[in-house]
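**Q** model this:
(chains A and B)
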Amino acid sequence: MADPNVPQQPPAAAPPAESSAPAEKTQAASAPAATPSSAQSGAPSGAPSSAPSGPSRGPSSGGYQGNRGPSRGPGGPGGGPGGRPGPGGPHKRGKRNYVRKKKVCRFCVDRVDYIDYKKADILAPFIQERGKILPRRMTGTCARHQRWLTVAIKRAQNIALLPFAAEF
Amino acid sequence: MEERLYDLIFICRPDTPEAEVDKLVATLEHTVADKSAKIEKIEKWGRKRMAYRVRKLREGFYVYMSIRSNHGELIKELERRLKVADPVIKYLTIRIDEEMKRQQKLAKHRERRAARRPRKPAPTSAPPAGEQTASAAG
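**A** Below you'll find the predicted structure:
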């Protein structure tokens, strides 16, 4: 387990496997000198996506792909309230050093079925100071709720509950 | 025509005496009653600061009504009245019954799912029994 002889075998065996065993092997192969604790800390998020990219590349490039993979992974299905652990260990590459905090749709958390345009105080955090509606990527709102939210904000603007543009 | 639900909000000048607002509301009520529609709710929100200036005013007296009607003509008539009423500086009518329907549907869906969910993980020994009761309920 600690020193695998063939690093390319485990990824080819199970591409989207969620088991932590193959991930530990690839991590250990790319960095043999790494301590077991660091390899394990990188394992939970690096595990699913480093596996499929492994077989085509060598063990070292596999490590790179594994780093890029997890950061992109949660971004794609980010709308859903998935129970993903989040990008835990993108700490090998210089550029992508920050850890992105997972944003969750506030309306999904509160189980909102209807966004009331009359409650301006609920809508207020979703507009800029100048009156623009904030994009989804800033607020983390899911697509469905953003759709409803947009309608609600526009209605509220029409009845002067929210501004169209900031006043000077 | 099926029944529809409308929200009607209008803003009066902030210096309008409350009696006049009440009079206006009474005439609107009368109009609604004439068309055999129902007023579900009337709320006077009172003086509020508006988000932008309307007719050079910064504040307004908000009145909210919820009307259930199956007569589109009624809305036309109400809006005409609001347009000619002097103290009214702004009004808005929105049809919301479709969104309410959607909300009820989603709420029902969620309720049903919530009723089903706690049974599944708790009794691991007898899941078929829980499923049967759930299907019978639904």
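**Q** what about the lengthiest helix in chain B and chain A, touching?
**A** Criterion DSSP state H: the longest helix present in chain B is helix B:97-116. Yes. Interface with chain A: helix B:97-116 contributes B:99, B:100, B:102, B:103, B:106, B:107, B:110 (C-beta under 8 Å from any C-beta of the partner chain). Using the backbone N, CA and C atoms, a C-beta is placed for each residue, glycine as well.
**Q** phi and psi next, for the closest residue to residue B:68 other than its chain neighbours.
**A** What sits nearest to residue B:68 in space, not counting adjacent residues and going by C-beta to C-beta, 6 or more residues apart in numbering or on different chains, is residue B:38, at 4.6 Å. In terms of degrees, to the nearest 10, the main-chain angles of residue B:38 are phi -120, psi 140.
**Q** state the number of residues packed around residue B:38.
**A** Look at residue B:38: counted by other C-beta atoms under 10 Å in any protein chain shown, it has 13 neighbours.
**Q** for it, give its distance to chain A.
**A** 20 Å (C-beta to the nearest C-beta, to the nearest Å).
**Q** how much space separates that residue from residue B:82?
**A** For residue B:38, the distance to residue B:82 equals 19 Å [C-beta to C-beta, to the nearest Å].
**Q** ditto for residue B:16
**A** Counting by C-beta to C-beta - residue B:16 and residue B:82 are separated by 13 Å.
**Q** now do residue B:44
**A** 15 Å.
**Q** more neighbours, the two?
**A** A direct count of neighbours by other C-beta under 10 Å for residue B:44 and residue B:82 places residue B:82 higher, at 21 against 15.
**Q** how about the more buried one, secondary structure?
**A** Of the three states, residue B:82 takes helix under DSSP: H, G, I helix; E, B strand; the rest coil.
**Q** sorry, back to before: what's the ChimeraX line that selects buried ones from the residues of helix B:97-116 next to chain A?
**A** In ChimeraX, a selection of the buried entries from these looks like this (16 or more other C-beta atoms under 10 Å in any protein chain shown):
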select /B:99,103
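**Q** just send the residues of helix B:97-116 next to chain A back as TSV, with distance to residue B:31 and pLDDT too.
**A** Output for these, formatted as TSV (distance: C-beta to C-beta, whole Å; pLDDT from 0 to 100):
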residue	distance to residue B:31	pLDDT
B:99	25	88
B:100	23	89
B:102	29	89
B:103	28	89
B:106	34	90
B:107	33	89
B:110	38	87
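**Q** from the residues of helix B:97-116 next to chain A, which is closest to residue B:2?
**A** Using C-beta to C-beta, residue B:100 is the member of these that lies nearest residue B:2, at 12.8 Å.
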